[in-house]
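Visitor: could you work out the structure for the sequence below:
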Amino acid sequence: MKLKKFGGTEKKVYDLVKPITDELGYYLWDVSYVKEGAMWYLRIFIDRDEGITIDDCEKVTEPVNAVLDEADPIPQSYLLEVGSAGLERELLKEDHFEVCQGDKVRVRLIRSIDGEKEFCAYLKGADKNELTVADEDGNERTIKLEDIAFVKLWFDFD
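Guide: Model prediction:
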């Protein structure tokens, strides 16, 4: 697993959108600019402690659309989507790991370590090279990021 680094377009959009989401009381989780088929999609993922509703997405879309139209950071046409980062979102950036310390996460490894390829644990910390988690009993374990396929928040629906 490598921590996400923004591409040029994503960084420009992030810098334009962050003041808007901050002012409106939302956490800007991620910006994604991807081509799917013949279309380009600019996706803005937001969050807040109370969760995200469709009204929240609409509230953010209007000012984001206005600032993007004015700054025009993307030369080709694209579809703008503003949405929730989701309950079981993937942790992609260093600040995601900081914000989610103490939360339960699901870790999938690239290859088995000690006969285990996937597990849930509590996030203790992370840096550019390693992830530290603890099990229910508080036993800590450190794993190299290069051995991890993904880390996602875990929500127990039971």
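
Visitor: list the helices and strands the helix or strand of the chain with the lowest mean pLDDT packs on?
Guide: The helix or strand of the chain with the poorest confidence is helix 94-99; it has a mean of 91 (mean pLDDT, DSSP states H and E). Helix 94-99 is packed against strand 116-126, with contacts defined by 3 or more CB pairs under 8 Å, 6 or more residues apart in numbering; DSSP states H and E. No exception for glycine: its C-beta is placed from N, CA and C like everyone else's.

Visitor: which positions within the next helix-or-strand element following the strand it packs on qualify as buried?
Guide: Going down the chain from strand 116-126, the next helix or strand is strand 130-134, by DSSP states H and E. Within strand 130-134, the residues scored as buried using 16 or more other CB atoms under 10 Å are Leu131, Thr132, Val133.

Visitor: swap in stretch 116-128?
Guide: For stretch 116-128, by 16+ other CB under 10 Å, it's Ala121, Tyr122, Leu123, Lys124, Ala126.

Visitor: repeat for stretch 83-103
Guide: By neighbour count with 16+ other CB under 10 Å, stretch 83-103 contains the buried residues Gly83, Ser84, Ala85, Arg89, Glu90, Leu91, Leu92, His96, Phe97, Cys100.

Visitor: wait, what's in contact with the last one?
Guide: The reference is to Cys100. With contact taken as CB atoms under 8 Å, 6 or more residues apart in numbering, Cys100 is in contact with Leu91, Leu123, Leu153.

Visitor: bridging residues for Cys120?
Guide: Taking DSSP bridges as the rule, Cys120 bridges to Arg106.

Visitor: can you pull the contacts of it?
Guide: Counted by CB under 8 Å, 6+ apart, Cys120 has contacts Lys104, Val105, Arg106, Val107, Trp154.

Visitor: so what's the second one up against?
Guide: This means Val105. Contacts of Val105 were listed using CB under 8 Å, 6+ apart, and they are Leu91, Cys120, Ala121, Tyr122, Leu123, Val133, Val151, Lys152, Leu153, Trp154.

Visitor: mind giving me the domain split of this structure?
Guide: If you go by automatic domain parsing, the domain ranges for the chain are 8-84, 94-153.

Visitor: what's the closest of those domains to Met1?
Guide: domain 94-153 (4.1 Å; CB to CB).

Visitor: for Asp69, helix, strand, or coil?
Guide: Three-state assignment for Asp69 (DSSP: H, G, I helix; E, B strand; the rest coil): helix.
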